[in-house]
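Engineer: What follows is a protein structure lacking sequence information:
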């Protein structure tokens, strides 16, 4: 399995196509949620994905501060249907967290999580900072993770 970390302009056309195809399959079709996934934020994101034999198994995008929240953020977390049940969701989220804290040297991450995944994000230390709200007719909650400073 290969880890790839790329800015938008570093993605090949094949990689971009596969990322957008997976996002549409999961967030629009599978979740039965018609919404515009192409939100212009991808230009500003770091795209992180795990790939095997040119097939993307897991993906996350890292958003710099000011793109979605005043803090850095993670979004569009997905695992392809063929790769589910192998712990790749935890792995790709941890890679995203590490990238923000270690490479971008940010101190906090704020996300808009689907409410049914609240417990999943709490396993990383995220804490709810909002009430549940509807986004694209799906219950969401804002959550924040602060970098621990070990002394």
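Structural biologist: In hand now; what should we look at? Computed from a prediction, not measured in an experiment: that's the story for all the values here.

Engineer: Could I get the full set of strands for this protein?
Structural biologist: Assigned by DSSP state E, the strands in the chain fall at 2-7, 45-52, 55-63, 73-79, 108-114, 127-128, 133-135, 138-146.

Engineer: mind showing which ranges of this structure have poor pLDDT?
Structural biologist: 150-151 (pLDDT under 70).

Engineer: possible to save the strands of the chain as CSV with distance to residue 15?
Structural biologist: In this view, the C-beta of every residue, glycine as well, is placed from N, C-alpha and C. Listed next are the strands of the chain as CSV, based on distance: least, CB to CB, whole Å:
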stretch, distance to residue 15
strand 2-7, 7
strand 45-52, 8
strand 55-63, 8
strand 73-79, 14
strand 108-114, 23
strand 127-128, 33
strand 133-135, 27
strand 138-146, 27
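
Engineer: Just put those strands in TSV and tack on mean neighbour count.
Structural biologist: Shown next, in TSV, are those (neighbours: other CB atoms under 10 Å):
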stretch	mean neighbour count
strand 2-7	13
strand 45-52	19
strand 55-63	22
strand 73-79	23
strand 108-114	21
strand 127-128	14
strand 133-135	11
strand 138-146	18
